[in-house]
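>>> I'd like to go over a predicted model; first the sequence, then the structure.
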Amino acid sequence: MNDFLKMDIFFVVTTILVLLVGIVMFLIALRIWRILGHIERIAKIAETESELIMEDIAILRADIRREGFKLSSLFRLFKSMFAKRTSK
């Protein structure tokens, strides 16, 4: 076989492999991009929910300071937490 023919075959095969690896890496990068988008959305939801819980706990603390500790205060806290989740 001619040396130039061997080199041409080598470069064609190498070019095809580089293109395939590039396409695979691009698809992996797209998948990672989508996963990061989902993680960002989950983080926003967690932040919103934690703010709501902080507000509920602040209300509970104010009730306890005003009226003293009562089980009804805890029941109102849990009721308000679950009412906010089901109303969404």
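Okay, I see it. Residues are numbered from 1 along each chain as shown.

>>> C-alpha from now on. contacts and neighbour counts both.
Will do.

>>> how far out from the middle of the chain is the lengthiest helix in the chain?
Counting by DSSP state H, the longest helix found in the chain is helix 3-67. The chain centre lies 7 Å from the centre of helix 3-67; the measure is Cα atoms, centre = their mean, to the nearest Å.

>>> Show me what counts as buried in the helix or strand just after that helix.
With elements assigned by DSSP states H and E, the helix or strand that comes after helix 3-67 is helix 71-87. For helix 71-87, a neighbour-count test (16 or more other Cα atoms under 10 Å) marks 73, 77, 81 as buried.

>>> Off-centre distance for the helix or strand of the chain with the lowest mean pLDDT?
Least confident helix or strand, the chain: helix 71-87 with a mean of 68, by mean pLDDT, DSSP states H and E. Helix 71-87 has its C-alpha centroid displaced from the chain centroid by 27 Å (Cα atoms, centre = their mean).

>>> For that helix, name the packing helices and strands.
With contacts defined as 3 or more Cα pairs under 8 Å, 6 or more residues apart in numbering; DSSP states H and E, the packing partners of helix 71-87 are helix 3-67.
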